[in-house]
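>>> generate coordinates for the sequence data below:
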Amino acid sequence: MDQWLATIPPVLIILVVAGFVAIESVGVPLPGETVLIAATLVSLDGHISPWLVWGAAVVGAVVGDSIGYLIGHRFGVRLLTVGARRFPQRFGPERIHRAIAAMNRWGALAVIGGRFVAVLRILVGPLAGTLRMPYRRFLAANVVGAILWSGAVVLIVSMLGQAAIEIIHQFAWVALLLVLVAIVVVAIVVVYRTRRAPAVELAAVEGASGTGGPGTAGPGTAEAGTGALEIGDLFLDDGSLSPLAARAGMVDGQTGIANVPGLAGVSGLAGVAQAAGVVFRPVGRTIRRFPFTTGLFGVFLIVGIATGALWNPVHQQPWYQSIAYGVPSFLAGQWWTLVTGTFFSQIPLHYSLILVGLIVGVGWAERAFGSRRAFGIFAGGQIVAVVGSLFFLLAARSFDSPWADHLGTQYDVGPSGGMLACLAAAMITLRAPWRLRAQFALFAAVTVALIYIGSLADIEHFFGVVGVMVVAPFIQGFHRKRGRPSMREWRILAFAGLVILAVVEIIGTLLPSDDPGTSTSSGASTWVDVLIDVVIIALIANGIRQGFRLSWVIAVLLGLFNVIEFVGLAAYAIIAVDFPPALFEAMTNSSLWIALLVILWLGRGAYRVPWRRSRRVVRQTDAQKSPLEILTDDGGGTLSWMTMWKANSYFVTADGDSFVAYQRHSGVAIALGDPVGPPEKLQQTIAEFVAECERIGLAPCFFSVSDLTLTEAPDSWTHLQVAEDTIIDLPTLEMAGKRWQPIRSAINRATREKITFRMTTLADEPWSIVSQVRAISEEWVGDKALPEMGFTLGGVDEALDPHVKTALALDENDAVQGVLSWLPVYGDSVEPGEQVIKGWTLDLMRRKDDGFKPVMEFLIASSCLHFQQEGALFVSLSGAPLAHADDAGEPSGIDAVLDSLGKILEPLYGFQSLHNFKTKFNPRYERMSLLYRDEADLPKIALGLTRAFLPNESLLGIARMGLQR
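Numbers count the residues shown, from 1 in each chain. A predicted model of the protein is given here:
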């Protein structure tokens, strides 16, 4: 690292130090301390002032921790809420309250001390923001910690040079162990003191009862009452700490947390023992659930402590070559090194990374496949990684490769080959399409590391990952259904491959290697080659992502050129039996093109989108029936009539029996409601529509679909709730009882004030009535912060359709007080051409601002009674977007984001208020969902929906309205 930093200008060194330290402090596990040490070593040669290095580290630490604090402050409470709901034993309110108390008392010391500990350095900023540590206090501690930490590192390295690296790394590891021990001790003390609280509080309450009367609380009681503590007791609506949480830990002996069950009245050594049992109880559960992972973790840690490798680099030990694996060990017949080398790490700092890797990689595999199979995957992956790298190096040495000769003398230790094998195996359990994406990312990472770093560990990682991918069917089971990638997945993989190629070519050319024995050096590719590849990639990458045929042809030609170059160089090496470093360097970029060319060829069917925009249209079939005829014959859902609106386009299936109404916005084909057609052909209709959208480069989605469509959707697709349809069943409707009292009151008041109801067709009404309806609608729109919306929200023009019914509330002078429009919901007809209306859906709702106040209640109730007499089965009051019933539960994930968006838009449009109004009619609820391929489409879908609902408003205008709310 220090050799590389010495080759770049001082300004870039400052930026690199500040950037790495800042990103690490935000919460990303980057080696910020290692970069700081390397930069300080460079400063010893006079290349840069150590004061500048120190200042860059201070600025990076303060800025990074502040960003981490803001991230925790913004999203931490929501994550705690989700954690408390899903994992109540680990993220319960009592535990969160305890953490807040600790942060109140020891937060400043934690921020300062955490800067010196590798793992805490990553967590302290987001954790302080989540637990609402005052920012001024956090900033002061952050600045002090950054100055002390960076100053100590720069000073020690400046005084001791290279010898300081081991001292600093050892200190960081020992400090982490001390922190873990301190956490355990503090936890035991807290639990011990907590279990004594009942007796103390009882005495205080009894003493206070004698003087202050019943209900007088002692000093240790909490305002939350005697019930269980909840998240709402800790955080206010604005996210700030409640008074209860704000005082936690500020007074000695007062924690405010719930008592630990089973410990009341126990004191002395027995109490300490039981408190320790409570603290270590989660460890016991983890051991029982993950025996192999915890056993491997324990053996690895015990071996490191017993041999001193935890604080002294193992390669400095005299017995290192007897336990490390490598080509020399293999040639000497030391077969046991394959086992012994697994339980060591090269340097103490790597132990923390390996232990985390064991938990994530091996633990995930054990959870997915069980202990026995996880053991087999780890052991097999480690063997394949080590033995495969040995045979690879022996084969490479036959070509007189200096790189292979150099690595052929190296030794290595560590379980990283088995860990990555477990990680690769666990990725098999991911749902599509993330399974393929994760596997591609992991394969790309180990491949690029092999080519551009080329250490012995990189070779092991490559063989460990590739070995698992080869035997994946045996791990997963041949009986399990494995689908082929979709057209979109082929495009995404090729696009990612192009981006990776461009990045690694630039990095491989700009950045020299700091190890003369590795595979690359400065100028691994000529600037001309890199410039040609990068420029062409920049021109065609977006076209590959969208599936353009011309971009695919150019990418294939460029790939063939690089592959021909690779083949020619390889042929020269084999014939001449000469494999100099320059030849290997010239072949590295070309070899990556082979993998990309395979992806482009296998997914060639995904690149059929015409280059010309005018040709990128949905194919139309010569259907015998129009969409209107299909709708009236086969029926549809509650939103089906909205598919007849003029803004929609239609995709008709090949057999002409079904159609999908959609709108095209921002590269997204947004289907409106359920596909219309025979129910038994629903799955086929969805598949044909999706295939056609992907053929022309559109992202398909279905908006406001019913659960029936969700069951027929592709298995890899996902969904989220966007609204709730409110249904009133008419055959059983009786407006009796207390729940209907407000509705009956509105009807009785209308009778007293001589307001009459009329169900009509607005197109048949005289001009005087229509003009009043338009005036009321324009008055309503003018009072809204948002303009009149479209897509699923119709207006007066849609109400003028002859198929649509209109409910009018008229006073004694025939003045319109309110108006509703009802859209027909057709059912499956028995005879061809027969039209059966099974229900009605509410669309337009407008009332006169200074007119009869409960006119909406009167109109909806009167309409329901009217349709009941006609024999309709139901009335849908439709669903308000981004709104849900009060008892729908706490949202999580993307649903929580939509819930927050609905609250933001509430002052502008009143979605939730509209939903609450409809609850007066005691409806039943049916979920309305957004069906989409995966989360990667959501940003584009959000933009497309914005365009669909507000087609005449610019994004700047929408942002301006949001700021004016």
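>>> for the residue nearest to residue 673 when sequence neighbours are not counted, give its distance to residue 653.
With CB to CB, 6 or more residues apart in numbering as the measure, residue 639 is the residue that lies nearest to residue 673, at 3.7 Å, once sequence neighbours are left out. Yep, even glycine has a C-beta here, placed from its N, CA and C like the rest. Plainly put, residue 639 is 19 Å away from residue 653 if you go by CB to CB, to the nearest Å.
>>> per-residue pLDDT of residue 209, please?
Turning to residue 209, the model gives it a pLDDT of 40.
>>> and if you look at residue 706?
The model reports residue 706 with a pLDDT of 91.
>>> residues in contact with it?
Listed by CB atoms under 8 Å, 6 or more residues apart in numbering, the contact partners of residue 706 are 637, 674, 725, 926, 927, 928, 929.
>>> rewinding a little: the more surrounded of residue 639 and residue 653?
residue 639 (25 against 22; other CB atoms under 10 Å).
>>> for that one, what are phi and psi?
Main-chain torsions, residue 639, degrees, to the nearest 10: phi -100, psi 10.
>>> model confidence for it, exactly?
According to the model's per-residue confidence, residue 639 sits at a pLDDT of 90.
>>> so it makes contact with residue 702?
No - when contacts are counted by CB atoms under 8 Å, residue 639 is not listed as touching residue 702 (11.0 Å).
>>> what's the overlap in contacts for these two?
Residues touching both residue 639 and residue 702 by CB under 8 Å, 6+ apart: 673, 674.
>>> what's near enough to touch the closest residue in space to residue 485 that isn't next to it in sequence?
The shortest distance from residue 485 to any non-neighbouring residue, by CB to CB, 6+ apart, is to residue 436 (5.9 Å). When the contact criterion is CB under 8 Å, 6+ apart, the partners of residue 436 are 485, 489, 493.
>>> kindly report the same for residue 773.
Residue 773 makes contact with 762, 796, 799, 806, 816, 819, 846, according to CB under 8 Å, 6+ apart.
>>> now flag whichever of those residues is closest to residue 67.
For residue 67, the closest of these turns out to be residue 846, at 47.9 Å, with distances computed as CB to CB.
>>> correct me, but that closest one touches residue 775?
No - assessed by CB under 8 Å, residue 846 is found out of contact with residue 775, at 9.6 Å.
>>> okay, strands next: where are they in this protein?
Counting by DSSP state E, the chain forms strands over residues 649-652, 659-665, 668-672, 699-705, 718-729, 756-760, 805-810, 816-826, 837-847, 874-876, 924-932, given from the N-terminal end onward.
>>> can you put those in CSV and add mean neighbour count?
As requested, these are exported to CSV (neighbours: other CB atoms under 10 Å):
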stretch, mean neighbour count
strand 649-652, 20
strand 659-665, 24
strand 668-672, 25
strand 699-705, 25
strand 718-729, 20
strand 756-760, 15
strand 805-810, 23
strand 816-826, 24
strand 837-847, 22
strand 874-876, 23
strand 924-932, 19
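>>> out of the ones you listed, nearest to residue 141?
Ranking the strands of the chain by proximity to residue 141 (CB to CB) places strand 718-729 first, at 40.1 Å.
>>> sheet-wise, list the partners of that closest one with their directions.
Within its sheet, and counting by DSSP bridges, strand 718-729 is paired with strand 874-876 (antiparallel), strand 924-932 (antiparallel).
>>> residues in contact with the first one?
Contacts of strand 874-876 from elsewhere in the structure, counted by CB under 8 Å, 6+ apart, are 638, 725-730, 822, 825, 838-842, 863-864, 867.
>>> one more time with 7 Å
638, 725-730, 839-842, 864, 867 (CB atoms under 7 Å, 6 or more residues apart in numbering).
>>> could you do the longest one as well?
Strand 924-932 is contacted by residues 701-707, 709-710, 713, 717-727, 879, 885, 938, 941 when judged by CB under 7 Å, 6+ apart.
>>> and residue 837, how close does it get to residue 934?
The gap separating residue 837 from residue 934 is 38 Å, by CB to CB.
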